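Chemist: how would this look folded up:
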Amino acid sequence: MKSKFYSYIEQLQDSITGALEEIDGKAKFREDLWNRKEGGGGRTRVIENGAVFEKGGVNISKVHGPLAPAMQVHFGVGDVDFFACGISLVLHPKNPMVPTVHANWRYFEMYDKQGSVVDSWFGGGQDLTPYYLFEEDAKHFHQVCKAACDRHDPQFYPDFKKKCDEYFYNSHRNEARGIGGLFFDYLKPSEEKSAEEWYNFVTDVGNSFLEAYAPIVQRRMNLSYDDHQREWQEIRRGRYVEFNLVHDKGTLFGLKTNGRIESILMSLPPHVQWVYDHLPEKGTEEERLLQVLKDPREWV
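Modeler: Modelled structure (predicted):
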């Protein structure tokens with residue numbers, strides 16, 4: 001399964017970066033190949049200073065070796081070895097009318113010291129972080145997520161949408177990072193779902209990413225904006241940074257397993273503001289967004 005899934009994410013990286021370069025029309029992805037001394041490595045692709053994308057990355061990796069003590073505690077296991085592979089992407093558009101997007105799909109195995117697999121699972125999801133709320137975009141993104149889920153189990157979308165709302169939440173701010181999407185983890189083979197069935201589901205969601213996000217970018221990337229709206233975008237980007245550095249499990253895993261720092265932190269936007277005690281004016285589009293972030297909605 002691990003070879004099959006890694007082959008899939010190699011192909012998915014190619015298709016996503018190719019489509020994004022076509023949308024941007026100016027910038028190209030820079031590729032870095034890297035190795036991890038404990039075992040494994042990855043292929044990082046970063047785009048910067050484009051016509052549409054101010055910064056973004058679409059990265060794949062496969063790492064293996066002894067599980068670090070901090071992660072043994074996190075997973076509640078003893079001295080085991082592990083293998084993990086996945087694709088992770090974050091895109092920060094220049095225009096504040098275009099939302100930031102994040103997605104990740106991954107596969108994990110643990111082994112005893114005899115090399116036998118003792119646990120394995122899939123995880124991942126995709127979520128949208130707008131700076132100005134267009135309900136048409138939110139509904140489109142969630143409808144694509146729901147359609148991918150419904151092809152496998154009608155209970156997946158409500159379950160994984162709820163998990164997304166709960167996970168991508170800045171509890172220290174009492175607000176969501178964005179308007180959600182899907183989040184799932186520890187999808188393990190069982191009598192109810194085989195590893196192959198979980199693979200089919202996760203790859204179906206991965207294949208839906210461009211359908212979910214590209215039309216939104218194309219609708220909004222040429223809209224006009226002013227300095228005030230750009231400033232709001234940079235303030236909200238600060239909340240994005242806070243989540244990734246304070247709460248995100250993927251960032252923690254990368255840092256604790258000696259991952260490549262530049263690849264782990266490619267999710268951070270290039271221009272960010274932290275304005276002391278900033279609150280938007282009543283009745284504005286900025287306040288409307290905050291109201292939605294404090295009370296997650298059903299979009300489809």
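
Chemist: Could you tell me how many residues sit around Leu91?
Modeler: Neighbour count of Leu91, defined by other C-beta atoms under 10 Å: 24. (Each C-beta comes from the backbone N, C-alpha and C, glycine too.)

Chemist: Check which helix or strand the closest residue to Ala195 other than its chain neighbours maps to.
Modeler: Take Ala195 and drop its neighbours on the chain: the residue closest to it by C-beta to C-beta, 6 or more residues apart in numbering is Pro189, 4.1 Å away. For Pro189, there is no host helix or strand (DSSP states H and E).

Chemist: Check Pro189 and give its pLDDT.
Modeler: If you check Pro189, the pLDDT there is 94.

Chemist: what do you get for Thr251?
Modeler: On pLDDT, Thr251 comes in at 87.

Chemist: can you pull out the strands in the protein?
Modeler: Ranges of strands in the chain, per DSSP state E, are 30-35, 40-48, 53-66, 81-93, 100-111, 117-129, 169-170, 175-176, 180-187.

Chemist: tell me what the last one is packed against?
Modeler: When contacts are defined as 3 or more C-beta pairs under 8 Å, 6 or more residues apart in numbering; DSSP states H and E, strand 180-187 sits against strand 117-129, helix 135-150, helix 156-167, helix 195-207.

Chemist: switch the cut-off to 10 Å
Modeler: Helices and strands touching strand 180-187, as assessed by 3 or more C-beta pairs under 10 Å, 6 or more residues apart in numbering; DSSP states H and E, comprise strand 100-111, strand 117-129, helix 135-150, helix 156-167, helix 195-207, helix 209-220.

Chemist: Next, the contact list for the residue nearest to Ala195, please.
Modeler: The neighbourhood of Pro189, defined by C-beta atoms under 10 Å, 6 or more residues apart in numbering, consists of 1, 120-122, 195-199.

Chemist: With distance to Cys85, neighbour count and pLDDT added, can I get those residues in TSV?
Modeler: What follows is the contacts of Pro189, written out as TSV (distance: C-beta to C-beta, whole Å; neighbours: other C-beta atoms under 10 Å; pLDDT from 0 to 100):
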residue	distance to Cys85	neighbour count	pLDDT
Met1	10	15	93
Ser120	12	19	95
Trp121	12	17	96
Phe122	11	24	98
Ala195	14	18	96
Glu196	17	11	97
Glu197	19	15	98
Trp198	15	22	98
Tyr199	12	18	98
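
Chemist: quick revisit: please report phi then psi for the residue nearest to Ala195.
Modeler: When read as degrees, to the nearest 10, the backbone of Pro189 gives phi -60, psi 140.

Chemist: how far away is it from Phe122?
Modeler: Distance of Pro189 to Phe122, computed by C-beta to C-beta, to the nearest Å: 9 Å.

Chemist: which residues are common contacts for the two?
Modeler: 1, 195, 198-199.

Chemist: Spatially, which pair of those residues is furthest apart? Let me know, please.
Modeler: Met1 and Trp198 (9.2 Å; C-beta to C-beta).

Chemist: Now list whatever residues contact both of those two.
Modeler: 107, 120, 122, 189.

Chemist: Contact partners for the closest residue to the third one other than its chain neighbours?
Modeler: The spatially closest residue to Phe122, leaving aside those adjacent along the chain, is Leu187, at 4.3 Å (C-beta to C-beta, 6+ apart). Neighbouring residues of Leu187 by C-beta under 10 Å, 6+ apart: 107, 120-124, 160, 193, 195, 197-199, 201-202.

Chemist: Can you tell me which of the strands of the chain is nearest to Gln155?
Modeler: Nearest of those (C-beta to C-beta): strand 180-187, 11.9 Å.

Chemist: Look up how far Thr203 lies from the residue of the chain most remote from its centre.
Modeler: Distance from the C-alpha centroid of the chain, by C-alpha atoms, centre = their mean, peaks at Gln114 (34.0 Å). Gln114 sits at a distance of 30 Å from Thr203 (criterion: C-beta to C-beta).

Chemist: Quickly list what Asp81 is bridged to.
Modeler: Residues in a beta bridge with Asp81, per DSSP bridges, are Pro66, Tyr111.

Chemist: coming back round to it: now the residue nearest to Phe122: how far from Phe108?
Modeler: Leu187 sits 10 Å away from Phe108, going by C-beta to C-beta.

Chemist: Overlap of the contact sets of those two?
Modeler: The contact lists of Leu187 and Phe108 share 120-123, where a contact means C-beta under 10 Å, 6+ apart.

Chemist: For these, work out which two are farthest apart.
Modeler: For the shared contacts of Leu187 and Phe108, with distances taken as C-beta to C-beta, the pair at the greatest spread is Ser120 and Gly123 (11.1 Å).

Chemist: Need the residues touching each of these two.
Modeler: Going by C-beta under 10 Å, 6+ apart, residues that sit against Ser120 and also against Gly123 are 107-108, 186-187, 198.
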